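S.K.: have a look; sequence and predicted model below, questions after that.
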Protein chains: 2
Amino acid sequence: MGEWVLSKQDIEDIAVGAAVLGTGGGGDPYLGKLMSLQVLEKGKKIVLVDPRDVDNESFIIAPAFMGTPVTMFEKLPSGLESVKVVHMLEEYFGRKADFLTPIEAGGLNSTIPLYVGAISERTLIDGDGMGRAFPELQMVTFHLYGVKATPMALADEKGNGVILDTVDNFWAEKIARVITIRVGGWASIAIYPMNGEVYKKAVVANTISKAAEIGRAIRESKKHGKNPVDAVLDVTHGYRLFEGKIIDVSRWIRAGFAKGEVLIEGLNEYKGKKMKIQFQNENLVAILDGEVVASVPDLISILDMETAEPITTERLRYGYRVVVVGIPCDPKWRTPKALEVVGPRYFGYNIDYIPIEERVKKLGLG
Amino acid sequence: MGEWVLSKQDIEDIAVGAAVLGTGGGGDPYLGKLMSLQVLEKGKKIVLVDPRDVDNESFIIAPAFMGTPVTMFEKLPSGLESVKVVHMLEEYFGRKADFLTPIEAGGLNSTIPLYVGAISERTLIDGDGMGRAFPELQMVTFHLYGVKATPMALADEKGNGVILDTVDNFWAEKIARVITIRVGGWASIAIYPMNGEVYKKAVVANTISKAAEIGRAIRESKKHGKNPVDAVLDVTHGYRLFEGKIIDVSRWIRAGFAKGEVLIEGLNEYKGKKMKIQFQNENLVAILDGEVVASVPDLISILDMETAEPITTERLRYGYRVVVVGIPCDPKWRTPKALEVVGPRYFGYNIDYIPIEERVKKLGLG
């Protein structure tokens, strides 16, 4: 694709699409969108390249936020922490990053790298390590391909900074998580330093352009009088799983994660049915009248019924009329090894992963 | 004093004296003693110099253990973590340490640096940052003189390593503490990197030789038929506060600290009286029939009545016959600024600090 220089419209579209791919978590992309738009107005550019255009010898770093999205609204990041962690890691390696990559295609962690790339004048790659959002550091395709999360840098808004070098990615997750909780609920991180050769094997490619495509499809559907949820399903090859009104939301914070569940009462053709969706930062499992209809690693997103605007877990409220959509995950997540890392059993569900295509076919949904 | 090359007897004596100065905490010096003796047998030397012999331009690092002493007996350190953290910090600064300094004169953290010095062939300084033991990272005279605890290195026995750079020493304590808890209760640290000029102003000097002197006094008293507790009091200018039998011990772990209290029923001239001692890793306050007789930062140590062997808080047991001694702290701890950091109010006691000399005079003790 050569270089893709983002317009303001692209950023708006990416933020909407990233919220769909965020499956309720990853933080609201809104914040990263505002920061990215602001930096464009200062004359900076946001430039992305296709993963195929990355040299094998390139040095790549993934900047991101770690923590509980709700706490970001209590104490807003300045964005400088995100630049600082990239610099910390560059200093550690004694080498400037050739590219930055988003680690998630969903939520805040898809739009924040745009800001970091612009402000630090680094080129971004149109790809990520998930093709969606996930709650833990080792839940990235990079991990599946043997890339170490560490050395990683972590910083808070107060000026505290940490470099971690751990024996494995699970320990990176555990140690970084307690630090994140201790410094107030979220932290900026720079993680998964790697070269272009492994990156190109491990990446879920073209997910930022996919997010832009989703956002654009929703926006243009409004112009053409098309149902915006149908537009999302067309672009993502997704399934309409349920329509209804939210009648209950419970939330609790445990070990630094925003956990909870939402109960939706069916409307229209789903009248008389109920869907329960359980989440840990992201939506994990959708259960229709006691039957699982979708589970991680497939994507479960809750969209506003009228506008298809995605609703993050922290914004779920009683009375919202919503459509629940399910989207097949990237094939990299469907191997036995990958399912050990992100399958329903890892999250404590005693069920096998069945690809959403098979589930909806069996149940006659979508 | 020129160079002081430790003999095996010196190490034995230091371990005993360090347990007295450890005021019940700082971990049992026994472990560091064994490790130090072992390394001497491999032909290594343990060399100490007087603080006055340290150049202003010298680069000094303090290696130590952080965490709950009891957890060290559950998973023993190999000692290599302690060498690794020194190397991590040296690599961070791009400079080899000219000297290592103990951070505590009490407990494990007085004997562990001897091992690290020997194995990494670095000279130690006969001084520390406390003249006793304290439970938190900022509770050192270095902190009072404006030295930053960070950049500091932290490592566990599994191979996880962390470099911290925090906005102040309280944040170093908070972040390092949660990491320490997460990796299993203890961690090796290398901390308070500083130059010789500030070190010489901030140090509590000649505390390792003081520990050796205490240990030697106890040992020789046995030869000469002198009461070993009296020998300790002579060398430390301390006071006999109580004698009795332990009748109750309570312990709990909270936020990574070993907290608790011990109740002692009076014997001999103290018959009919009771002393309660409360601790957080170290003994904090000694209360005689409801009246405070000694408090931090003065030293409160519990010694075996017959042998004067110091008893750490984790080894306190029902039935032990003990003598409680109080020892004046270094004058550096008696300023208003210092008392904000280590005075009784910091530990949650609503009492003023009164120097032990005044308390015992008023109460007619000692």
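M.R.: Now that the structure is in, tell me what you want to look at.
S.K.: please count neighbours and contacts with C-alpha atoms only from this point.
M.R.: Fine.
S.K.: for stretch A:109-124, which positions count as buried?
M.R.: By neighbour count, with 16 or more other CA atoms under 10 Å in any protein chain shown as the criterion, the buried positions of stretch A:109-124 are A:109-119, A:122-124.
S.K.: no, scratch that, I was asking about stretch A:294-313
M.R.: Under the neighbour-count criterion of 16+ other CA under 10 Å, stretch A:294-313 has A:294-305, A:308-313 buried.
S.K.: and stretch A:278-291, by the same measure?
M.R.: A:Q278, A:F279, A:Q280, A:N281, A:E282, A:N283, A:L284, A:V285, A:A286, A:I287, A:L288.
S.K.: so what touches it?
M.R.: A:22-26, A:68-69, A:133-135, A:257-262, A:273-277, A:292-297, A:299-301, A:313, A:344 (CA atoms under 8 Å, 6 or more residues apart in numbering or on different chains).
S.K.: report the distance from that stretch to the chain centre.
M.R.: Distance, stretch centre to chain centre, for stretch A:278-291: 17 Å (CA atoms, centre = their mean, to the nearest Å).
S.K.: mind listing the strands for the stretch 201-350 of chain A?
M.R.: A:204-205, A:239-254, A:257-266, A:274-280, A:282-288, A:291-295, A:299-304, A:321-327 (DSSP state E, counting those that start in this stretch).
S.K.: could I get these as JSON lines with distance to B:F170 and mean pLDDT?
M.R.: Supplementary listing: the strands of the stretch 201-350 of chain A in JSON lines, determined by distance: least, CA to CA, whole Å; pLDDT from 0 to 100:
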{"stretch": "strand A:204-205", "distance to B:F170": "41", "mean pLDDT": "97"}
{"stretch": "strand A:239-254", "distance to B:F170": "25", "mean pLDDT": "94"}
{"stretch": "strand A:257-266", "distance to B:F170": "25", "mean pLDDT": "92"}
{"stretch": "strand A:274-280", "distance to B:F170": "32", "mean pLDDT": "96"}
{"stretch": "strand A:282-288", "distance to B:F170": "34", "mean pLDDT": "96"}
{"stretch": "strand A:291-295", "distance to B:F170": "43", "mean pLDDT": "96"}
{"stretch": "strand A:299-304", "distance to B:F170": "42", "mean pLDDT": "97"}
{"stretch": "strand A:321-327", "distance to B:F170": "47", "mean pLDDT": "98"}
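S.K.: please produce a markdown table containing the ones you listed, extended by distance to B:L144.
M.R.: What follows is the strands of the stretch 201-350 of chain A, written out as a markdown table (distance: least, CA to CA, whole Å):
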| stretch | distance to B:L144 |
| --- | --- |
| strand A:204-205 | 52 |
| strand A:239-254 | 37 |
| strand A:257-266 | 38 |
| strand A:274-280 | 44 |
| strand A:282-288 | 46 |
| strand A:291-295 | 55 |
| strand A:299-304 | 54 |
| strand A:321-327 | 58 |
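S.K.: for A:P77, which of the ones you listed is the nearest?
M.R.: strand A:257-266 (18.4 Å; CA to CA).
S.K.: how many neighbours does the residue of the stretch 251-366 of chain A found nearest chain B have?
M.R.: Of all residues in the stretch 251-366 of chain A, the one sitting closest to chain B is A:A255 (11.7 Å; CA to the nearest CA). Burial of A:A255 is recorded as 10 neighbouring residues (other CA atoms under 10 Å in any protein chain shown).
S.K.: tell me the contacts of A:D128?
M.R.: If you count contacts by CA under 8 Å, 6+ apart, A:D128 has them with A:T101, A:P102, A:I103, A:E104, A:A105, A:V203, A:V204, A:A205, A:N206, A:T207, A:I208.
S.K.: okay, the last one: pLDDT?
M.R.: pLDDT recorded at A:I208 is 97.
S.K.: my guess is it meets A:G129, correct?
M.R.: No - under the contact definition of CA atoms under 8 Å, A:I208 does not touch A:G129, with a separation of 11.4 Å.
S.K.: so what sits against both of these two?
M.R.: Contact with both A:I208 and A:G129 is made by residues A:A105, according to CA under 8 Å, 6+ apart.
S.K.: hmm, who's touching the host helix or strand of A:P113?
M.R.: Secondary structure assigned from DSSP states H and E places A:P113 in helix A:108-119. Outside helix A:108-119, the residues that touch it by CA under 8 Å, 6+ apart are A:11, A:14-15, A:18, A:26-33, A:35-36, A:39-40, A:44-47, A:62-65, A:79, A:82-83, A:100-104, A:122-124, A:208.
S.K.: look up how far B:K222 lies from A:E91.
M.R.: Between A:E91 and B:K222 the distance, using CA to CA, to the nearest Å, works out to 58 Å.
S.K.: coming back round to it: are any of the contacts of stretch A:278-291 buried, and which?
M.R.: Burial by neighbour count, judged by 16+ other CA under 10 Å, picks out A:22-26, A:68-69, A:133-135, A:257-262, A:274-277, A:292-297, A:299-301, A:313, A:344 from the contacts of stretch A:278-291.
S.K.: average pLDDT across the helix holding A:P113?
M.R.: Across helix A:108-119, the average pLDDT comes to 92.
S.K.: where does the stretch 151-300 of chain A come near chain B, residue by residue?
M.R.: Neighbours of chain B within the stretch 151-300 of chain A, by CA under 8 Å from any CA of the partner chain: A:158-167, A:171, A:174-175, A:178-179, A:182-183.
S.K.: filter those to the buried ones?
M.R.: The neighbour-count test (16+ other CA under 10 Å) applied to those identifies A:160-166, A:171, A:174-175, A:178-179, A:182-183 as buried.
S.K.: okay, and which of those residues map to strands?
M.R.: A:G161, A:V162, A:I163, A:L164, A:D165 (DSSP state E).
S.K.: so what pairs up with the fourth one in the strands?
M.R.: Listed beta-bridge partners, A:L164: A:M152, B:V162 (assigned using DSSP bridges).
S.K.: mind listing the helices for chain A?
M.R.: Secondary structure of chain A (DSSP state H): helices at A:8-21, A:29-41, A:69-74, A:80-93, A:108-119, A:141-144, A:169-182, A:196-202, A:207-224, A:228-236, A:336-342, A:356-363.
S.K.: domains of chain A?
M.R.: According to automatic domain parsing, chain A is divided into the following domains: A:3-205, A:226-363.
S.K.: for those, which one ends up most surrounded?
M.R.: domain A:3-205 (a mean of 22; mean count of other CA atoms under 10 Å in any protein chain shown).
S.K.: span of it from start to end?
M.R.: Distance between the boundary residues of domain A:3-205 (CA to CA) amounts to 15 Å.
S.K.: check the offset of stretch A:158-175 from the chain's centre.
M.R.: The answer for stretch A:158-175 is 20 Å, by CA atoms, centre = their mean.
S.K.: how about stretch A:265-278?
M.R.: When distances are taken as CA atoms, centre = their mean, stretch A:265-278 is centred 26 Å away from the chain's centroid.
S.K.: repeat that for stretch A:134-146.
M.R.: Relative to the chain's own centre, stretch A:134-146 is displaced by 12 Å; criterion: CA atoms, centre = their mean.
S.K.: could I get the average pLDDT for that stretch?
M.R.: Averaging pLDDT along stretch A:134-146 gives 93.
S.K.: which residues are contacting it?
M.R.: The set of residues external to stretch A:134-146 that reach it, using CA under 8 Å, 6+ apart, is A:25-26, A:103-104, A:129-130, A:148-149, A:169-170, A:172-173, A:192, A:198-199, A:201-204, A:257, A:280-282, A:332-333, A:337-338, A:341-342.
S.K.: the nearest residue to A:S301 once chain neighbours are set aside: what's it in contact with?
M.R.: With CA to CA, 6 or more residues apart in numbering or on different chains as the criterion, A:S301 has its nearest non-adjacent residue at 4.5 Å, and that residue is A:T23. Residues touching A:T23, when contacts are defined by CA under 8 Å, 6+ apart, comprise A:G106, A:R132, A:A133, A:E282, A:N283, A:L299, A:I300, A:S301, A:I302, A:T312.
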